[in-house]
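Student: I would like the atomic coordinates for the input below:
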Amino acid sequence: MSGLEISAEIPLMISKKLRDKFKKIKLLLLDVDGVLTDGRIIYDSEGRDAKCFDVHDGLGVALLARMGIKTILVTAKGSGCLAHRAKDMRAEAVYRMDRNNSAGHIAKTEAYAKILKKYGLRHENICFVGDDLVDLCVLNICGLPVATRNAVAEVRRAAVYVTRHPGGRGAVREIAELILRSQGRWQEAVEKFL
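Tutor: Next up is the predicted model:
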């Protein structure tokens, strides 16, 4: 050990009941726009879009991957840059909803059901982070529903935890740290960098 003291305390005051929910998480499921990004979409004159991602969020996902906790992205709006970002962060997969399906919430619950089955998980093992109305359907069935600080009121009410950081600005990193700290694995994750 290099002598670096790493705090094992959870940086946010959360209840024992909530900490117990974080302990059970084996998979982090994320909406993209408004969660991994700040919700803005930039189009150039050719109609190509660009998104801004936070480096701390990306490292949070990579830390989870190093510790054996998968992250899957579920989005109604695919983007070429998303595949690159998912690979950089070591996300397990990206589920894109059918653009012809105007009821994105139906597609998200179908993706959720496929993920449960494919990975042999229970609802209590999945944390889903969302920010808008199309996320309510998954927030209402997953074991640990989380809303970003910038989420609409209905999503914040459906969540058991609302992040201190907004989407695209550290919300995902906050959740990654809470998962690892609640599971007593934060020190081990940090030591991999020493």
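Student: residue 91 belongs to a helix?
Tutor: No. Under the criterion used here (DSSP: H, G, I helix; E, B strand; the rest coil), residue 91 is coil, not part of a helix.
Student: return the residues in contact with it.
Tutor: Residues in contact with residue 91, defined by CB atoms under 8 Å, 6 or more residues apart in numbering, are 61, 65, 71, 72, 73. (Glycine included, C-beta is placed from N, CA and C.)
Student: the bottom helix or strand of the protein by mean pLDDT?
Tutor: Evaluated with mean pLDDT, DSSP states H and E, the helix-and-strand set of the chain has its lowest mean pLDDT in strand 49-50, which scores a mean of 76.
Student: next structured bit after that one?
Tutor: Using DSSP states H and E, the helix or strand that follows strand 49-50 towards the C-terminus is helix 55-66.
Student: can you list contacts of that following helix?
Tutor: Residues outside helix 55-66 that contact it (CB under 8 Å, 6+ apart) are 28, 36, 70-71, 85, 88-92, 168, 170-177, 179-180, 189, 192.
Student: mean confidence for stretch 62-76?
Tutor: Taken as a whole, stretch 62-76 has a mean pLDDT of 93.
Student: and the furthest pair within the contacts of residue 91?
Tutor: Considering CB to CB, no two members of those lie farther apart than 65 and 73, which are separated by 12.8 Å.
Student: who has more neighbours, those two?
Tutor: Regarding residue 65 and residue 73, a neighbour count based on other CB atoms under 10 Å identifies residue 73 as having more, with 23 against 17.
Student: give me phi/psi at the residue nearest the centre of the chain?
Tutor: If you average the C-alpha coordinates of the chain and look for the closest C-alpha using CA atoms, centre = their mean, you land on residue 30, 3.6 Å from that point. When read as degrees, to the nearest 10, the backbone of residue 30 gives phi -120, psi 130.
Student: what does the lengthiest helix in the chain contact?
Tutor: Ordering each helix of the chain by length in residues (DSSP state H) puts helix 104-119 first. Outside helix 104-119, the residues that touch it by CB under 8 Å, 6+ apart are 26-27, 29, 70, 72, 74, 76, 95, 97-98, 101, 121-123, 126, 128, 133-138, 141-142.
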